[in-house]
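>>> here are the coordinates; sequence isn't available:
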């Protein structure tokens, strides 16, 4: 199936089952609206943190930008980490009278915490959801402060080994310097200032050189400790709080507009899926294209429910069908009109086809095999041609319609025989050998594809060619179509089912 055929299939499914689609959309949207009313409100408190990476700007804008993005991603992850949540729920940050009664657990808080970067800035939004508006703001502030404290604790833990090592070196150097200073003092005491002692002078010079080296090492170590403290302070200041969470004025959930839009979209998706599934398993005929495929005919005519003639246009489909049949079969004299299923009615279709023949100047006989008694009446057209409608009981005995169809006197230009579906009555199969061509009548949204195909196959097996099919927009009433007044002339006679085989003869007014 190409894309155009698939699109036609989807469009046709929506067109013919639009009420199902509308009902599903309405129900889902209504459910969403009800949910927006009955759901308890959820409030969201938001605190803003600033990620400072300005110290990297001296190394280039690109490096600073990349470092800032990586650091922001790290802080977003720590917002839901176990240490941060434990700090937030420790009670340390509920330090105001308004928040003194609040409490939380890391497990319960985890499901309600989220963090994200504020687009276009270096800010991180820490969001906490809660059933209470004040509690959501308090929890958001607690998580934000816990993130700052945890960041400082992480930095201290990261730099602690280096700091401990440098402090240890500083202590060792300080001890060694003190020892050297003591040695130098002792040697100086042992020396006589009035006499020259070469050995003491050399020893003092050696110790002074060692002392100078130790002091330079001490200064370098102390400087490294100072640099480490500065680095620690700089890293700890990379995350700061710029805006505390305020009590939200309205809940973020439920949002009626968002719920209705979501319900509308969900209903549309579910409705389309339901319509396509129904269309896949429902083989009812809705359009002429489906009927053409089922009956195997190229000529398909769609007619309305009441073919009256006030405007002269309502018989045009029947006139078109008759003209097409005559064009294909110039010697056409007998047409069999058969219902595709037990739910279809063919009386009005047969009468309307006959009236189309009358309007074309033909004398028409319509044989109705679905009546419960024998009735004959006539209708005349403007040009003087007449249509005789004969109703005969349909019980599988085709003797009466066969006698009428024989028409030995040649009074009728066109004979139209109507019969029920072969699924419920064998009359159509029995009359098939008498007809030149057959027409199948189906009803939109009632006749099934399999029924129309089975009826067409049965007629073809009976020996008649199925050349056309008619799709009625709804079940047609069984009364005959009306013609323009005052040209309608109606004579009617009736006989009981026990009457002789040949039908009564119409003799006209004033005759016996």
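Structure received. Everything quoted here is computed from the prediction, not taken from an experiment. Residues are numbered from 1 along each chain as shown.

>>> From residue 186, how far out is the residue nearest to residue 190 when sequence neighbours are not counted?
With sequence-adjacent residues excluded and distances taken as CB to CB, 6 or more residues apart in numbering, residue 190 is closest to residue 200, at 6.2 Å. Where C-beta positions appear, they are placed from N, C-alpha and C, glycine not excepted. For residue 200, the distance to residue 186 equals 10 Å [CB to CB, to the nearest Å].

>>> Repeat that for residue 71.
Per CB to CB, residue 71 is found 56 Å from residue 186.

>>> between these two, which one's more packed in?
Between residue 71 and residue 186, counted using other CB atoms under 10 Å, the more crowded position is residue 71 (20 against 13).

>>> Nearest spatial neighbour of that one, chain-adjacent residues omitted?
Closest to residue 71 by CB to CB, 6+ apart is residue 51, at 5.5 Å.

>>> tell me what the helix or strand containing residue 262 is packed against?
Using DSSP states H and E, residue 262 falls within helix 256-281. Packing contacts for helix 256-281, counted by 3 or more CB pairs under 8 Å, 6 or more residues apart in numbering; DSSP states H and E, involve helix 3-16, helix 18-38.

>>> most packed of the ones you listed?
helix 18-38 (a mean of 15; mean count of other CB atoms under 10 Å).

>>> What distance do you get for the most centrally placed residue in the chain to residue 323?
For the chain, the residue nearest the mean C-alpha position is residue 269 (1.9 Å; CA atoms, centre = their mean). Distance, residue 269 to residue 323, using CB to CB: 47 Å.

>>> next one: residue 226
Taking CB to CB, one finds residue 226 at 108 Å from residue 323.

>>> And for residue 131?
76 Å.

>>> give me the number of residues near residue 465?
Neighbour number of residue 465 under other CB under 10 Å is 14.

>>> Could you list which residues are in contact with the closest residue to it other than its chain neighbours?
Closest residue in space to residue 465, ignoring its immediate chain neighbours: residue 437 at 5.4 Å, by CB to CB, 6+ apart. Shown in contact with residue 437 (CB atoms under 8 Å, 6 or more residues apart in numbering): 325, 329, 332, 335-336, 464-468.

>>> Helices along the stretch 251-400 of the chain, start to end?
For the stretch 251-400 of the chain, helices defined by DSSP state H, counting those that start in this stretch occupy the ranges 256-281, 288-295, 316-328, 347-359, 399-406.

>>> Going by residue numbers, what spans are strands in the stretch 301-450 of the chain?
With DSSP state E, counting those that start in this stretch as the criterion, the stretch 301-450 of the chain has strands at 334-339, 364-371, 374-380, 386-393, 414-419, 437-443.

>>> highest average neighbour count across the helices of the stretch 251-400 of the chain?
Of the helices of the stretch 251-400 of the chain, helix 347-359 is the most buried (mean count of other CB under 10 Å), at a mean of 26.

>>> what's the distance between that helix and the middle of its chain?
Relative to its chain's centre, helix 347-359 lies at 47 Å (CA atoms, centre = their mean, to the nearest Å).

>>> for stretch 212-228, same thing?
In terms of CA atoms, centre = their mean, the centre of stretch 212-228 is set 71 Å apart from its chain centre.

>>> Please read off the pLDDT at residue 122 from the model.
Here the pLDDT value assigned to residue 122 is 82.

>>> Now it. Nearest residue, chain neighbours left out?
In space, residue 122 is closest to residue 51, 4.8 Å off (CB to CB, 6+ apart).

>>> thought the one you found was touching residue 123?
Yes. Counting by CB atoms under 8 Å, residue 51 does reach residue 123; the two are 7.4 Å apart.

>>> neighbour-wise, which of those two wins?
Neighbour count, other CB under 10 Å: between residue 51 and residue 123, residue 51 has more, with 21 against 16.

>>> dump the residue contacts of that one.
68, 71-72, 75, 122-124, 238-239.

>>> Check which helices and strands the longest helix that the chain contains is in contact with.
What stands out as the longest helix in the chain, according to DSSP state H, is helix 133-190. Under the contact criterion of 3+ CB pairs under 8 Å, 6+ apart, helix 133-190 touches strand 43-51, helix 61-78, helix 82-88, strand 123-130, helix 198-236, strand 239-243.

>>> And these, which one averages the lowest pLDDT?
Mean pLDDT across those is lowest at helix 61-78; the value there is a mean of 70.

>>> Go through the contacts of residue 437 and say which is closest to residue 255.
Closest to residue 255 out of the contacts of residue 437 is residue 468 (58.3 Å), distances taken as CB to CB.

>>> Name the helix or strand for the closest one, please.
Assigned by DSSP H and E, residue 468 belongs to strand 465-472.

>>> List the buried residues in that strand.
Going by neighbour count (16 or more other CB atoms under 10 Å), the buried part of strand 465-472 is 466-472.

>>> go on, stretch 412-431?
Neighbour counts using 16+ other CB under 10 Å place 412-422, 425-431 of stretch 412-431 among the buried residues.

>>> now the end-to-end length of that stretch.
Using CA to CA, to the nearest Å, the end-to-end distance of stretch 412-431 comes out at 18 Å.

>>> chain center to that stretch: distance?
With CA atoms, centre = their mean, you get 48 Å for stretch 412-431.

>>> so what's the residue nearest to the centre of the chain scoring on pLDDT?
At residue 269, pLDDT is 95.
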